[in-house]
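**Q** Let me see the structure of the following:
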Amino acid sequence: MKFLGLAVASTILVLAGCDPSTEHAGGATRDAATEGGVHRTDAGPTGSGGVGDSHTAGSGGAAAGHGGSGGGSHGDPDDASIDASETTLDDAGFVAEPLVDAGTGCVGPGPESLLSAASAGLPASGLVLWLRADHGVYKTVVNRVCAWVDQSGHGNVLRDAVNPPLWAATGLGNKAAIHFDAPSTYLTTAGVLGIAATSGRTFVAVIQLVNTTARFQAVQQGQTGSPGTYLNLDANTFQTAGSREGVYATNNAYDAPLATSTSPRIHVFTISTMVPGTAVLSAIHYRVNGTTQSLTRTPAGLGNGNLEDFSNADFTLVGAGLDAIVAEVLVYDRALSMSERASTEAALKTRYAIP
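**A** Residues are numbered from 1 along each chain as shown. Below you'll find the predicted structure:
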């Protein structure tokens with residue numbers, strides 16, 4: 001796992017333009033796949049993926065590590081983001097998707113208009129990140145993804161300059177998607193999309209697992225270098241009962257009864273509040289393909305069933321782990337209502353032909 005840490009640290013140095021001799025402002029970069037999705041340092045019971053809490057991603061897979069500097073995710077080139085205020089209109093009068101420098105050998109999609117949430121049947125209020133694999137994807141000649149540009153209008157850009165995932169024109173439901181085909185392929189940006197530390201939020205992801213026994217986080221936010229201060233969708237979560245869908249919330253891992261599958265699925269993870277001390281189960285709600293999932297806490301981890309301080313969370317990433325396909329990701333800075341969740345699921349089911 002030390003080699004993964006070196007690769008991750010190199011990725012962040014490349015993205016932020018840092019001198020390798022200087023220390024990153026946000027703290028040490030993570031160097032191992034572990035409990036909260038990426039990192040674990042304390043000793044504990046043996047899990048299915050490794051010894052103690054050095055958990056290597058579910059039943060033998062590995063989640064990606066990530067390092068980054070603190071601060072917001074908007075408007076700072078060192079955050080690998082762009083200033084949303086510098087928008088322009090295209091020839092048809094729509095907001096033009098901003099151009100980014102994704103590095104040598106990485107080609108953009110050409111002129112595009114930002115997608116419209118309303119036109120796609122999705123709630124627009126509170127949308128702070130929208131990634132869809134048919135828009136905003138910068139890639140190499142062999143379709144490795146160098147950057148994925150946010151469609152929400154907030155100017156976020158997720159990148160990986162070291163081990164980029166693979167873009168496919170018909171990757172999921174005959175629509176474009178991105179295949180995270182190795183443990184160290186993931187896309188990331190510094191900051192938590194401007195969401196306040198105690199604010200609720202909603203993660204939505206359209207994914208298809210290729211490996212049903214490996215750990216995979218479609219969406220994750222968290223604190224660099226912490227044992228488990230993370231929030232994420234989590235197939236085969238930490239010390240899972242085995243091949244289950246689940247979620248993770250600040251050192252607390254939860255299994256759903258739903259078995260993992262290679263069928264496409266729409267995951268909606270809603271957190272009503274992030275006030276420390278709140279009972280996790282009273283604050284979270286998890287649905288898969290429109291069906292609410294009951295949640296059972298797994299037997300390990302540092303948590304006590306309550307939400308922990310999220311004020312030092314400093315990164316957002318997509319696609320940590322092995323081996324899955326992601327077609328679309330949405331993050332809201334609030335908990336979507338039940339009707340909004342249902343309408344979002346309906347729109348995405350139609351788009352990706354999911355029953």
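**Q** List the pairing partners of the helix or strand encompassing Y248 within its sheet, with orientation.
**A** Here Y248 sits within strand 244-249, counting by DSSP states H and E. Here strand 244-249 has these sheet partners by DSSP bridges: strand 230-233 (antiparallel), strand 252-259 (antiparallel).
**Q** now the strands for the stretch 51-200 of the chain?
**A** 127-132, 137-139, 145-149, 157-159, 166-172, 175-180, 187-190, 199-209 (DSSP state E, counting those that start in this stretch).
**Q** Please produce JSON lines containing those, extended by mean neighbour count.
**A** All C-beta spots, glycine's among them, are computed from the backbone N, C-alpha and C. Shown next, in JSON lines, are those (neighbours: other CB atoms under 10 Å):
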{"stretch": "strand 127-132", "mean neighbour count": "24"}
{"stretch": "strand 137-139", "mean neighbour count": "22"}
{"stretch": "strand 145-149", "mean neighbour count": "26"}
{"stretch": "strand 157-159", "mean neighbour count": "25"}
{"stretch": "strand 166-172", "mean neighbour count": "17"}
{"stretch": "strand 175-180", "mean neighbour count": "24"}
{"stretch": "strand 187-190", "mean neighbour count": "26"}
{"stretch": "strand 199-209", "mean neighbour count": "24"}
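**Q** which residues sit against the strand holding Y248?
**A** Strand 244-249 is contacted by residues 36-37, 217, 228, 230-238, 240, 253-260, 265, 267, 269, 271, 280, 283-284, 286, 288, 293, 295, 298, 303, 307 when judged by CB atoms under 8 Å, 6 or more residues apart in numbering.
**Q** one step back: as CSV, the strands of the stretch 51-200 of the chain with mean pLDDT and distance to A96 would be great.
**A** Listed next are these as CSV, based on pLDDT from 0 to 100; distance: least, CB to CB, whole Å:
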stretch, mean pLDDT, distance to A96
strand 127-132, 98, 16
strand 137-139, 96, 16
strand 145-149, 96, 11
strand 157-159, 96, 15
strand 166-172, 96, 22
strand 175-180, 98, 20
strand 187-190, 97, 20
strand 199-209, 98, 25
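**Q** Just say which of the strands paired with strand 244-249 is most tucked in.
**A** Counting by mean count of other CB atoms under 10 Å, strand 230-233 has the highest mean neighbour count of these, with a mean of 27.
**Q** Could you export that one as PDB, CA atoms only?
**A** The C-alpha coordinates for strand 230-233 follow below in PDB (Å, rounded to 0.1, in the frame of the first residue of the first chain):
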ATOM      1  CA  TYR A 230     -15.700  10.400   5.700                       C
ATOM      2  CA  LEU A 231     -19.200  10.300   4.200                       C
ATOM      3  CA  ASN A 232     -19.800   8.000   1.300                       C
ATOM      4  CA  LEU A 233     -21.800   5.600  -0.700                       C
END
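**Q** what sits up against it?
**A** 36-38, 201, 203, 205, 217-223, 247-250, 267, 269, 271, 310, 313, 320.
**Q** just to revisit the earlier point, tabulate the strands paired with strand 244-249 in JSON lines, adding columns for mean pLDDT.
**A** Output for the strands paired with strand 244-249, formatted as JSON lines (pLDDT from 0 to 100):
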{"stretch": "strand 230-233", "mean pLDDT": "98"}
{"stretch": "strand 252-259", "mean pLDDT": "98"}
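**Q** Those strands: which one's closest to L209?
**A** Of all the strands paired with strand 244-249, strand 252-259 sits nearest to L209, with 10.6 Å by CB to CB.
**Q** Please enumerate residues in contact with the closest one?
**A** Surrounding strand 252-259, the residues in contact under the criterion CB under 8 Å, 6+ apart are 35, 212, 234, 237-241, 243-248, 280-281, 284, 286, 288, 291, 293-298, 300-301, 303-306.
**Q** if we go to 7 Å?
**A** Strand 252-259 is contacted from outside by 234, 237-241, 243-247, 280, 286, 288, 293-298, 301, 303, 305, using CB atoms under 7 Å, 6 or more residues apart in numbering.
**Q** just the buried members of those?
**A** 234, 237-240, 243-247, 280, 286, 288, 293, 295, 297-298, 301, 303 (16 or more other CB atoms under 10 Å).
**Q** so of the residues you listed, which ones are in helices?
**A** Residues of the buried ones among the contacts of strand 252-259 located in helices (DSSP state H): V280.
**Q** Identify the residue nearest the geometric centre of the protein.
**A** Centrality entry for the chain: nearest residue to the mean C-alpha point is V219, 2.2 Å, by CA atoms, centre = their mean.
**Q** give the contact list for that one.
**A** 203, 205, 232-233, 318, 329, 331.
**Q** how about a cut-off of 8 Å?
**A** Counted by CB under 8 Å, 6+ apart, V219 has contacts 203, 205, 232-233, 269, 316-318, 329, 331.
**Q** Surely I325 is in contact with Q208?
**A** Yes: assessed by CB atoms under 8 Å, I325 is found in contact with Q208 at 4.5 Å.
**Q** From V204, how far off is S184?
**A** 25 Å (CB to CB, to the nearest Å).
**Q** Could you check how far stretch 333-348 is from the centre of its chain?
**A** Computed by CA atoms, centre = their mean, to the nearest Å, the chain-centroid distance of stretch 333-348 equals 18 Å.
**Q** buried stuff in it?
**A** Applying 16+ other CB under 10 Å to stretch 333-348 flags 333-336, 340-341, 344-345, 347-348 as buried.
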